[in-house]
Structure formats: C-alpha cells, structure tokens
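[1] I'd like to go over a predicted model; first the sequence, then the structure.
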Amino acid sequence: QFCKMDVLDPQSAELRIAAQALAYDVHAWSSYCDGYHPSNVLTDTPTDSTARWAATNDDSQYLILKLKQPAIVTQIVFGKYRAAHPCNAKNIEVHGGRTEADMRSLLVTTLMNTSERETLMLKCTLQRVPFACQYIKVTVYSAWEDRVNATLWHIGLKGIAAPDVVARAVEAEAGLRKREAERLCLKYLRQIGRDDLFAALIKDSRSSPPYEHPLLSQLWHDVMHGDYEAAGRAVEQAHVAGMLEYPGALKAVRACWTQLEPRGTDGEVQSPEKGSAPCARGGHHMCLDAAGEQILLFGGWDGRVDLGDLWAYSIARGQWTLLQASTAAAGGPSPRSCHKMCIDPVARQVYTLGRFIDYEQVAQSQADFYRFDIASCTWTLLSANTAAELGPDMIFDHQVACPDNYILSISMCVMSMAYNSDLLVGLLDEDKASRLFMHASMQVLTQMCIDSERGAIFVYGGRLCRTTEMGYSGLFKYDIRAATWESIRLDAGAHILSRVGHSMLFDPATQCLLVFAGQRGNTLLNDFFAISTRTFAAEAIMHRTSRKGGPLPSFTQRSTLDLESGEIYVLEGLVQHDDDKEHRDCSSNSLWLFATRTQEWARIPTDPGASQEPCPRFAHQLVYDPAAKRHYLFGGNPGDKTVKQRRLGDLWSLSIERPTADTAAQACLFALRRLRFLELCSHDLPAGIKYLQTTLTPSVPPTEAFQAELRELTAVMFQPTLDDPDVKRQARQAAFTRIMQFVRAEHREPSASLEHLVAL
C-alpha cells in the first residue's frame, strides 16, 4: 500500500507507524582510534565511556552500515553517553542507497551535545515513490570541540523491511528510472531536431505520466515555427489551467508593514490618554474572531501592574472598542499577564488559562480556567482549580492556537526560569524578576491549542509551579463537551523533551501539534517536531532549523499556520545567535516562512520600498486574518535597558507580497515577445523598433531584473544575430526552455539534460 500512496514523505503517519528496528553490520569506515572500533556503534551502553567509535582527528570521517536485508529506512537513532562530551559528533550527513556507488543524501543536520538520544527522520521517497536502501553512510564533518576525535556512540536504524513492501518499492523505483530515462531521450531528440524519431517514440511510449502536457507540446510547435501569437495564446491557456508558477517564489517573498491609527466614530485618532485605545503592554494575549471580523485583546503587564481590561478591534472599521474595563467585575478572570486564550470559531467562545503570579502568592492561588461568550459578552468559570481536576497546575506564559477552517494562530509571551537573570530582568521589572530568580518554582511557558472540530484543548510544556526542583509539565487534554481534563504524558526524559518558551500550532490536516524551539534548562532549543493528537506519538521534523536555513534558537517567537497555502509564519522575539559563545539574548523582528509541502525555510525581508516597520520586541502578540491574508501585531517589550518598565502600544498590519502565477505568465509572454523583437530587428529594423515601443515595453514584468533586460535589448537590436537558421533555432529553443522555468514540474519536460549525464 505504501507504493500506491499519492503522497509519501518522511513525516507520513503510515511510515512512522510501520517503522521497526533494522539489523545491520558495520561494513566500512574511514578510520578509528585503538580501543574505539566502529563496531561499538552496534550496542547502546550510555554508561560505558569506551563504547563508541572514535575516528582519527582528520576531516570528514565516515561509517558505512550494511543492512541485513534491503529496507525503506525512515529514521536514524543516535544514542549518547550519559553526559555531554567534547568529542560528540556535531555536523553530520547521512547517505543511503541499494549500492555503495549509488547513494543519495538523506539527511544533513547538527546533533546536540547532550545525553539525550536523538531520533531523526530520513528522506525515504523520490518523486513520491519510496526507495529501498541496503547501505547507509554516516559522515561526520566536525565534533563539538576542535582538535578532538569525533565520536559516535550508538546508531540505530528504523524502517520498513517487509519483503513484499520493499519489493514493490524496488519495482516502483525501477519504473521511475525507466520512465525518466525515456523522457530524457525524448527531450534530446527534440532538441537536435529529430522530430521523426521523437514522434515515433512518443507514439510507442507507454510511460505514465506522459512526456509533457499537450498544451506544452503545442507551445513547442508554435515557438519553433515562429507563430508567436499562437504561442502567446498557449501560455494564457496554461495560466488559466493553473500550470504556471514563479520559480524561487519563496525567496522573493516580501513583508509589507503598515502602522495603523485606529479612529473613533468622531474621526479622531484613538489613544490610551483618551481612554479610547488599550494602553501599552506586554504579556497580553489576542485572538481573532473571524465571524465578527474583530480581534480580542485581554490583559497584560504595563511595566508596573497586571491589567484586566478586554478590548475588541474591528478590522472593518479600524476601531477599538472597550468591552469590559474590568473583567473581574464582570464575573471573569482577575487582572493578569502571561496567560493565553484560544477561540472556538464556530461557537464564538474564548477560553483563557493561566497567569503570572509572584512566588509569595503561589500557595494562596489556584489554576482557574474561564470561558468568554462573545455574543453575550459574559464569562463562565469552568474550573476554579484545574489541578484538582487532573489538569495542569498553576501556569503562565503558555500558548494558545486558534484554528478555524483556514488558519491556526499561535502567539506567545515567554519568561525563562532557567537562571537567565538578564532575560528575566528584560521581561519583568527588576524587583519582580529578582524574586523569580531566587525562587525557581513557578510553572512557566506551557502551550495551549484548541481543536474545535473534536472539541478538545491541548496544553503542553511549561515549568511546574509548586515543586522545589526544576520540573517540567507534560501534555494535557481538555474535553470541551465533557468538561474533563486528561493527563496524556508527563516529562519522563523521552527523546523529545518537554520545555518552556516554545510555540505550538495545531494542524487539523494531520491531526498533529507542531512544536517549535523553546528552552530546556540552560539550553535554547532550535528543533521542530510533531505530536499526534490521536496516538500522542512525537516525531522530530527538524532537529535544528537554523541549520536548514530557518530561524535561530529562540523563544517569544509568534507563529501562525495558513492551511490554504500550507505555510507557517514565524516572527522572532528573543534570539540567540549560533556563533555567540556568551549566549547573549537579543530582540529580533525577523520574519520567517516555512513551506510545509517542500520542507523549506525562507527569511522574509521587509519590502525595500517600505518606509516603516515595527521595532524589535518580545512579549508581543500576533494574530492572522485568513480571509484578508493579513497579520496584526500589537504591543510588546522593546527591551529598553534604560527604562525597563517601558512597553509598546503600537498596532501594525502585515501583508505578505510575492510573485504570483500572473507574474509567471507575464514573464513567459515577455520571453516570447523578446524573441519576436530580436527576429524583427534581424530583417526589418523599423518594424522591430515599433514593436519594442508598442508591444514589448508595455508588457515587461514590474521587476528590476526584467527592466534591466529590456534596457539591454537596445544594445543588440542593431546586430543581426538571428539571420542564420541554426542560430534562430537555438534562440527559439532557448526561449522555450526559459518558459519551462515557469511551468510546474509535473506538467513539463524533465529539467535534466541527457548530454550532461554522459560520462567521458
């Protein structure tokens, strides 16, 4: 069944469930030190300091493992010594294949220098087809300290070894290779002008999918015969059919920030001084009420006191409205900060859990849990003490994700209890931070998500409140319909640890909680993993996002998930640079995008034409309006070290601009018109100049690269370069190849070239 799946990737639930331990032998190695033989990686003995492979102190050391039988290898497990070790492998790469001579890269990552074992997902598909491996090569590029012998303690492999499944995978891969070889031959024959052989092979071909979409075959014919009007119509038809995309669009995304000035019904700008807008704050929370086209804001810390006001921002009117000056007076929660809210978009009900409490007040405080009904503007106390009902104990700085049919949004305000006094002082007033620093028993930084379809709320992570040790909270589930709590898992030293300062999203498509980064002890984490809300199994997606082109180790990041595009947006807060030996924290407003379908990260720079953007901050809040594809940012802590009580009260909107399929269509038409212009200039210069003025110039895509290319055309229009038939044919082929860059891969000819694959 695995070979028949439409989509099969390393994170597929089917592969994770079916994966089992795979037996192997150590087949080959680059080197080893006496007493530290490569065969030591076969056993997992974390208490034995000699049970490891230690390579000589040279660059790029490797082990080659040979499986007892071919298998679809989905995971690799790295066992560790019982404590951090300077020789631990740091930067590694894993290759795999059915022969030693034909192995492809399966993983490039950075291992952690800890005692915790790491289970990492491996690439196991090629063009949606699973492939089997007999050999696995683990290359170590560096250790955690310089001039030491890089070490691996234990290696475990997991995957699918069922003979029938592996046989189908091998057969499917062979079919894929045969089909691609045939398509490369077809491309070569057409390029060299052997249309007769091309047509004969196409007629006889039984490959599926076909060589290319019929529209593209027509486009080739039109371009090669110089019928550019017909070629233009073919491009427009391909655009309507959804076949075009802008190459590298992920790298061309831009952030467009706009500071908003909400105005009242009198037309005057609203302000805290007039009581018509919320005051500056951090540690507040916001959620989007899509049905009401409004953003709800509750509580926070203004630098001196906790706040207990509830506001609504109308997106349509661009206006703040004070719903309740005191939620406590309205039967709701007391003033608080570092709490979280989540919204059930169907019932239009908001749930809020947690708050920051001074250490001296913990014994007298309970973990209350409230629900706010938007339609009636009333509060209901669901629980005076969730800990007494098998729920989480006193918590604050947890997270809430608010899913609806399009979007799940999570934002967070983080406080570190890992003895980082500089960070604590930055988040709180100095006196408040000092009390926390002395008494590390508050629970902090748990995360909360709601699955409105199943009527469940999930709470994960955080520091335990009422313990004298540095404990961490686990995963809890609240059944909205039954009004009951369930403890799913506690922190028990699993390979994926509970933490503080993380962010969490709920993805209804995969029924998984997606967890990013955070802090464990004194270590800032940079991982990305998923927890199934059906099986509650946890699997790593990325061990270190910064090594995959993603965000730095961080907390106070804000994350949103757009289900329609399959994109996750991450706005950084406090970050720590990988090369900073002193582990200093700094604020950042860097915005990142993660494409779930391609597993790619991209940093989103601010539009160069923008005149403004928000200052770096943390303890802010970010929500997303999926209908308008727009984010809203409010408040936060700018980290002003001279005025530690300073908070922000600015409101911003963020839109993401990117090249679209329309831009791709413009680029394709430009390629055709550029070629038409050059051919006209070769035999009728006045007609070419007129074509440049009336047709080509007005249709140039509005990017600097295309504008520069247009300017360059004026330098070549007096050079009759396309008079020769062979030169003209090459130019037409080049134009077609250029257009193919804007066509989705599943519709076009292969991008590889047969000539480039020939070894001489």
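    Cool, got the structure. Numbers count the residues shown, from 1 in each chain.
[2] quick one: the helices in the stretch 601-750 of the chain?
    Secondary structure of the stretch 601-750 of the chain by DSSP state H, counting those that start in this stretch: the helices cover 661-683, 685-691, 704-716, 725-740.
[3] in the longest one, what's buried?
    Applying a neighbour-count criterion of 16 or more other CB atoms under 10 Å, the buried positions in helix 661-683 are 661, 663-682. Quick note: C-beta positions are derived from backbone N, CA and C, even for glycine.
[4] got it, and stretch 235-247?
    So, applying 16+ other CB under 10 Å, buried residues of stretch 235-247: 235, 238-239, 243-246.
[5] Tell me the one among those nearest to Thr99.
    Of all the buried residues of stretch 235-247, Glu245 has the smallest distance to Thr99: 35.2 Å, by CB to CB.
[6] Would you check that the closest one makes contact with His747?
    No. Contact between Glu245 and His747 fails when scored by CB atoms under 8 Å: they sit 10.0 Å apart.
[7] Can you list the low-confidence ranges for the stretch 451-600 of the chain?
    Low-confidence segments of the stretch 451-600 of the chain (pLDDT under 70): 465-470, 490-495, 576-587.
[8] And the helices in it, which stretches?
    Taking DSSP H, counting those that start in this stretch to define them, one finds no helices in the stretch 451-600 of the chain.
[9] Any idea how far apart the tips of stretch 102-121 sit?
    The straight-line separation of the ends of stretch 102-121 (CA to CA, to the nearest Å) is 20 Å.
[10] what about Lys68, which helix or strand?
    Lys68 belongs to strand 61-79 when elements are defined using DSSP states H and E.
[11] quick one: average confidence on that strand?
    On average, the pLDDT along strand 61-79 is 96.
[12] can you tell me the average pLDDT over whichever helix or strand comes after it?
    With elements assigned by DSSP H and E, the helix or strand that comes after strand 61-79 is strand 89-99. Across strand 89-99, pLDDT averages out at 95.
[13] Pull out the buried positions in strand 89-99.
    If you call a residue buried by 16+ other CB under 10 Å, then strand 89-99 has these buried ones: 89-98.
[14] Any idea how far the strand holding Lys68 is from the middle of the chain?
    Relative to the chain's own centre, strand 61-79 is displaced by 27 Å; criterion: CA atoms, centre = their mean, to the nearest Å.
[15] What of stretch 42-62?
    Distance of stretch 42-62 from the chain centroid (CA atoms, centre = their mean) equals 33 Å.
[16] Could I get the buried residue list for it?
    Applying 16+ other CB under 10 Å to stretch 42-62 flags 42, 44, 51-55, 61-62 as buried.
[17] Ends of that stretch, what's the gap?
    Terminal-residue distance, stretch 42-62 (CA to CA): 15 Å.
[18] just stretch 340-349 next, same as before
    Using CA to CA, one end of stretch 340-349 lies 14 Å from the other.
[19] secondary structure class for Arg218?
    Actually, residue 218 is Gln. It isn't Arg. helix (DSSP: H, G, I helix; E, B strand; the rest coil).
[20] That one touches Ala234, doesn't it?
    Yes. Assessed by CB under 8 Å, Gln218 is found in contact with Ala234 at 5.3 Å.
[21] the more surrounded of those two?
    Taking other CB atoms under 10 Å, Gln218 and Ala234 do not tie; Ala234 has more neighbours (23 against 16).
[22] Which of the three states applies to the more buried one?
    Ala234 ends up helix, using three-state DSSP.
[23] so what's Ser655 up against?
    For Ser655, the contact set (CB atoms under 8 Å, 6 or more residues apart in numbering) comprises 255-256, 258, 629-631.
[24] Count the residues that sit near the residue nearest to Met224 when sequence neighbours are not counted.
    Nearest non-adjacent residue to Met224, counting by CB to CB, 6 or more residues apart in numbering: Arg732, 5.4 Å away. Close neighbours of Arg732, defined as other CB under 10 Å, add up to 22.
[25] what bridges to the most centrally placed residue in the chain?
    With distances taken as CA atoms, centre = their mean, the residue of the chain nearest its centroid is Phe594 (2.8 Å). Listed by DSSP bridges, the beta-bridge partners for Phe594 are Ile568, Trp601.
[26] Next: Ile64.
    Beta-bridge partners, per DSSP bridges, of Ile64: Ala28, Lys137.
[27] correct me, but it touches Glu100?
    Yes. Between Ile64 and Glu100 there is a contact at 6.8 Å, judged by CB under 8 Å.
[28] picking that back up, just list what the strand holding Lys68 packs against, helices and strands only.
    Under the contact definition 3 or more CB pairs under 8 Å, 6 or more residues apart in numbering; DSSP states H and E, strand 61-79 sits against helix 13-18, strand 20-22, strand 24-29, strand 89-99, strand 118-121, strand 133-143, strand 154-160, helix 163-191.
[29] What's the first helix or strand after the fifth one?
    In this case it means strand 118-121. strand 125-126.
[30] Neighbouring strands - and their directions - for the helix or strand following that following strand?
    Remark: after strand 125-126, the chain's next helix or strand is strand 129-130, criterion DSSP H and E. Looking at strand 129-130 with DSSP bridges, its partner strands are strand 125-126 (antiparallel).
[31] Would you mark the buried spots in stretch 270-284?
    Result for stretch 270-284 [16+ other CB under 10 Å]: buried residues 270, 276-284.
[32] and if you look at stretch 592-609?
    Buried residues in stretch 592-609, defined by neighbour count with 16+ other CB under 10 Å: 592-594, 596, 601-604, 606-607.
[33] same deal with stretch 143-161?
    Within stretch 143-161, the residues scored as buried using 16+ other CB under 10 Å are 143-144, 149-161.
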